[in-house]
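[1] Provided below for reference: sequence and predicted model.
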Amino acid sequence: MKVSLSLILCLCAFGVNAACLSPSKPPSSADKLDLETVVTQQGQPRSIAQLMASKERLVLHFWASWCAPCIKELPEFAAFSSSGLAPGISFVAVNNDAEGSGAAQRILSKLELGLEAFEVNVDQGQLLTLLGVPGLPATVVFDGQGRERQRIIGSVDWTCPDLASELLN
C-alpha cells in the first residue's frame, strides 16, 4: 500500500513513529471485516455497515478515558470529523473503557464535546480484540467494502492539512 510522505510527516510531527502505519491485514481469514456490532452510547447495537453510512471510508478511532494521549487528541478528532474536509468519510470514536458509556460521557462533558461532534460507540474491547489492535489510541480505516486500508497505532495530528486526502487514498 502506498504511504505518502505528507501522512508520514503529519504522524512524525505528532510523535508517532511512521512504522506504526502498517499495511492492511484482515482481522481474520476473510478478506474484509465482518459486520460485527458495537454498542452505542444510547445502548443501540449498530453494525459496521450502519456505521459506514454509505461513505467511501470508515474511520474507527479507539480511545479510553484513562489514556492521556487519547484525551489530548479527542478535541482535534472532533474538530476534524465535523469540519467537512472529508465528506466521504464516516468518523466513529470507539470508547474502550471497561465501565462502559459512563466514562466516555464524563470525558466528553469535561472536554465540552457533545455527542453531535462524532458518533461515539462503546466497545469494551471486543472490536479492539477482533481487529488485533495492540494499544491506544489507535485509528483503523476501512474502505466501503469493509477492507482495512490503514492502521495507525498512536496519536494522529488531526490538524494536518493533507490528512483528509491521505485517509481517502
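    All right, it came through fine.
[2] got a pLDDT number for Thr159?
    Note for Thr159: predicted pLDDT of 90.
[3] Surely it touches Ala78?
    No: the criterion here is Cβ atoms under 8 Å, and Thr159 misses it with Ala78 at 11.9 Å. Where C-beta positions appear, they are placed from N, C-alpha and C, glycine not excepted.
[4] pretty sure Glu73 is touching Gly154, no?
    No: judged on Cβ under 8 Å, Glu73 makes no contact with Gly154 at a distance of 9.7 Å.
[5] can you list residues touching both of the two?
    Pro137 (Cβ atoms under 8 Å, 6 or more residues apart in numbering).
[6] who's more crowded, those two?
    Glu73 (23 against 18; other Cβ atoms under 10 Å).
[7] show me the contacts for the more buried one.
    Residues near Glu73 by Cβ under 8 Å, 6+ apart: 63, 137, 155-156, 158.
[8] could you dump those to JSON lines with distance to Arg57, secondary structure and neighbour count?
    Formatted as JSON lines, the contacts of Glu73 follow (distance: Cβ to Cβ, whole Å; DSSP: H, G, I helix; E, B strand; the rest coil; neighbours: other Cβ atoms under 10 Å):
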{"residue": "Trp63", "distance to Arg57": "19", "secondary structure": "strand", "neighbour count": "24"}
{"residue": "Pro137", "distance to Arg57": "18", "secondary structure": "coil", "neighbour count": "26"}
{"residue": "Ser155", "distance to Arg57": "20", "secondary structure": "coil", "neighbour count": "23"}
{"residue": "Val156", "distance to Arg57": "14", "secondary structure": "coil", "neighbour count": "25"}
{"residue": "Trp158", "distance to Arg57": "15", "secondary structure": "coil", "neighbour count": "21"}
